[in-house]
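Student: build me a structure from this.
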Amino acid sequence: MELVLPHPGPWLTSQLNDRFGSSKAADRLLEARTVVRIRRGAYYEATAWARLSPDDRHLMVLTAHYEEAARRQEPVFAYSHISAARLHGLHLWNADDAIHVTRPKCPGRSARAEDVRSHGGILLPSELHTQRGLPATTLERTLVDSARILRGGQAQILLDHGLRLGADRQAVDVLLASAGGKRGIRTARAAWELASELCESPGESLLRYLLSLMPFEMPDQQVEVSTRLGRYRLDFAWVKLKVGLEFDGDVKYFAYEPTGQALLRERKRERALMEEGWVLLRIEWRDLFDETVLRRRIAAVLKTAA
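Tutor: Numbering: from 1, shown residues only. The predicted structure follows:
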């Protein structure tokens, strides 16, 4: 008899076995490649899983984990750190795929699942929020917790996006002040001090972070320049020197119009800016991973303009 799933999932082993009245139902579906195992004891319909984005896959894993925890009547917990960041839709770069939970008391090693990272801590009612139907830390608490376990550039991307999503600056300030002495707090505070809601993409956030480490005056962000073709906005600009710094991502130009049309519009924009005396330096993702070369390029353009 063919085993047909009424919905993609996630499914626990016990749910599949109960539905089809067989202790081997989950194994049979897995062998037939009808489902894929998304974590120990949890499955998802294979075709539907292939269509999910990485963040949506993590959401399904969290849903399966929460269902299993509820069945086992585990102590109260909330999804936090990187998992909460994904629930809030925050930008993440090279973050881990573990399930992060915060609970008053961490279980012993023998009771921990391999894919779960438990963080001990007391969460106030004001720090808790239901996100996508799951218990999670608030946006502000999530930003602080996540930034403490990330590296500089990763934390910058997260915090910049948090501001764009409406994080309360005062609430984050209070949480950072109360976390004095905790691991990673210096990284979190440094990234928060630099955080800007004007960064419109992870690439811009990482570029600005790198600029803060270089011996140059920090440029202004989202600078509007008047030209004969109208007003154009530059990602970064040293206004007095008329030097613009643009982060180029394919999505920026090609998401909403055909490639050829987008390139033509961008060429006209660049010519109009050059006629006003501006010099543009374009930066791509790959340029962000060779800080020495990037610093030399910027230094050369600024020197020539000066």
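Student: and Leu207, what does it touch?
Tutor: Asp235, Phe236, Leu245, Phe247, Ile283, Leu288 (Cβ atoms under 8 Å, 6 or more residues apart in numbering). Placement of C-beta: from N, CA and C, glycine included.
Student: what strand or helix carries it?
Tutor: Per DSSP states H and E: Leu207 is located in helix 202-212.
Student: residue ranges for the strands of the stretch 151-300 of the chain, please.
Tutor: Remark: strands assigned in the stretch 151-300 of the chain by DSSP state E, counting those that start in this stretch are 220-227, 230-238, 243-247, 279-283.
Student: so which bits of the last one are buried?
Tutor: So the one you mean is strand 279-283. For strand 279-283, a neighbour-count test (16 or more other Cβ atoms under 10 Å) marks Val279, Leu280, Leu281, Ile283 as buried.
Student: list the beta-bridge partners for the last one.
Tutor: Beta-bridge partners of Ile283, counted by DSSP bridges, are Phe247.
Student: tell me the confidence at it?
Tutor: Looking at Ile283, its pLDDT reads 94.
Student: check contacts around it.
Tutor: If a contact means Cβ under 8 Å, 6+ apart, then Ile283 has Gly203, Leu207, Leu245, Glu246, Phe247, Asp248, Leu294 as its contacts.
Student: what is the lowest-pLDDT residue among these?
Tutor: The minimum pLDDT among the contacts of Ile283 falls on Asp248, with 83.
Student: and that residue, how many neighbours?
Tutor: Applying other Cβ atoms under 10 Å, we find 14 other residues in the vicinity of Asp248.
Student: now Leu123
Tutor: Leu123: 18 surrounding residues under other Cβ under 10 Å.
Student: hmm, Thr138 and it touching each other?
Tutor: No. Leu123 lies out of contact with Thr138 (Cβ atoms under 8 Å); the separation is 9.2 Å.
Student: how much space separates Arg271 from Arg228?
Tutor: Applying Cβ to Cβ, to the nearest Å, the value for Arg271 to Arg228 is 10 Å.
Student: got the CA coordinates for the helix holding Leu207 in PDB?
Tutor: Provided in PDB are the C-alpha atoms of helix 202-212 (Å, rounded to 0.1, in the frame of the first residue of the first chain):
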ATOM      1  CA  PRO A 202      24.200  42.600   4.500                       C
ATOM      2  CA  GLY A 203      26.900  43.700   2.100                       C
ATOM      3  CA  GLU A 204      26.600  47.400   3.000                       C
ATOM      4  CA  SER A 205      26.700  46.500   6.700                       C
ATOM      5  CA  LEU A 206      29.900  44.400   6.300                       C
ATOM      6  CA  LEU A 207      31.500  47.100   4.100                       C
ATOM      7  CA  ARG A 208      30.800  49.700   6.800                       C
ATOM      8  CA  TYR A 209      32.200  47.500   9.500                       C
ATOM      9  CA  LEU A 210      35.400  47.100   7.500                       C
ATOM     10  CA  LEU A 211      35.600  50.800   6.900                       C
ATOM     11  CA  SER A 212      35.500  51.400  10.600                       C
END
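Student: now the angle from it to strand 243-247?
Tutor: 140 degrees (axes from the mean of the first three to the mean of the last three Cα atoms, to 10 degrees).
Student: now do the buried residues in helix 202-212.
Tutor: Under the neighbour-count criterion of 16+ other Cβ under 10 Å, helix 202-212 has Pro202, Gly203, Glu204, Ser205, Leu206, Leu207, Arg208, Tyr209, Leu210, Leu211 buried.
Student: quick one: contacts for the third one?
Tutor: Listed by Cβ under 8 Å, 6+ apart, the contact partners of Glu204 are Asp160, Asp235, Phe236, Phe247.
Student: I appreciate the help and will end here.
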